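J.: The following block contains a protein sequence and its predicted model.
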Amino acid sequence: MSIDVGARLRAIRKQKGFSQRELAKRVGVTNSTISLIEQNRVSPSVGSLKKVLDGIPIALADFFTLEIESDTPEHFVYKVDEQPDLGSDGIHYFMIGSRRPGRQMCIMREIMAPGSDTGKEMLDHEGEEGGVVVQGTLELSVGDSVQLLGPGEGYYFESSRPHRFRNVGDEPLIIVSANTPPSF
């Protein structure tokens, strides 16, 4: 069985959300080098391939064994078991389309246990985010403003503004949110 190194590199690079130019810059090669590898016009040595994979980052062994899931136009529904939980400490972030190649946004169903929050430190990152409370009471801090939101109420702000989420209710808080560019 032969492995198509070029197609595999392209699929994993896209799955991780990198353009050829971004990966090339991380690795210190030209983007035409990445393109030639992906087209199988150049066969990299093991050392060269490892250098490229370090820019993703992915281990050489994982590169050859990772199950590649490609989303096709037919794959646009994500069942509950296809939504990985990226959370911890009382907060669960169930991501929709996490393996979609070239994903441009992050859509999540968030469940926060009573009393949980995103931490004492305010978050800030590139992009915009918004969401709608489905159940519970959200205390949302954005800059110096603190607001309480209930079911059906939503938010939308520039993510570069310091922000924090907290469940101040006595039931699980459920939010459906989106941000761009993807931060997860």
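T.: Okay, I see it. Numbers count the residues shown, from 1 in each chain.

J.: which helices and strands does the worst-scoring helix or strand of the chain on mean pLDDT pack with?
T.: Least confident helix or strand, the chain: helix 60-65 with a mean of 79, by mean pLDDT, DSSP states H and E. Identification of packing neighbours for helix 60-65 by 3 or more CB pairs under 8 Å, 6 or more residues apart in numbering; DSSP states H and E yields helix 5-15, helix 46-54. The way it works is simple: take the backbone N, C-alpha and C, and place the C-beta from them, glycine included.

J.: hmm, 6 Å instead?
T.: Contacts defined by 3 or more CB pairs under 6 Å, 6 or more residues apart in numbering; DSSP states H and E place helix 60-65 against helix 46-54.

J.: Per the annotation, how does this structure divide into domains?
T.: 5-65, 80-180 (automatic domain parsing).

J.: Present those domains as CSV; the columns should include mean neighbour count.
T.: Supplementary listing: these in CSV, determined by neighbours: other CB atoms under 10 Å:
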stretch, mean neighbour count
domain 5-65, 15
domain 80-180, 16
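
J.: which one of those has the lowest average pLDDT?
T.: Lowest mean pLDDT within the domains of the chain: domain 5-65, a mean of 87.

J.: Give me the secondary structure label for L23.
T.: Look at L23: counting by DSSP: H, G, I helix; E, B strand; the rest coil, its state is helix.

J.: dump the residue contacts of it.
T.: 13, 34, 55 (CB atoms under 6 Å, 6 or more residues apart in numbering).

J.: Return the distance of it relative to R161.
T.: For L23, the distance to R161 equals 30 Å [CB to CB, to the nearest Å].

J.: before we move on, the earlier item: what's the closest of the contacts of L23 to M112?
T.: Nearest to M112, judged by CB to CB, of the contacts of L23 is R13 at 33.2 Å.

J.: hang on, H92 is in a strand, isn't it?
T.: Yes. Counting by three-state DSSP, one finds H92 located in a strand.

J.: ok, for it, nearest residue in space, not its chain neighbours?
T.: Leaving out its chain neighbours, the residue that sits closest to H92 by CB to CB, 6 or more residues apart in numbering is I111, at 4.5 Å.

J.: wait, the one you found sits on I91?
T.: No. Between I111 and I91 there is no contact, the gap being 7.4 Å when judged by CB atoms under 6 Å.

J.: Where do the strands of this structure begin and end?
T.: Shown for the chain, the strands assigned by DSSP state E span residues 91-96, 106-112, 128-135, 138-142, 145-149, 154-158, 163-167, 173-180.

J.: These into TSV, with extra columns for distance to I3?
T.: TSV is the format used below for the strands of the chain (distance: least, CB to CB, whole Å):
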stretch	distance to I3
strand 91-96	28
strand 106-112	31
strand 128-135	39
strand 138-142	47
strand 145-149	50
strand 154-158	43
strand 163-167	43
strand 173-180	34
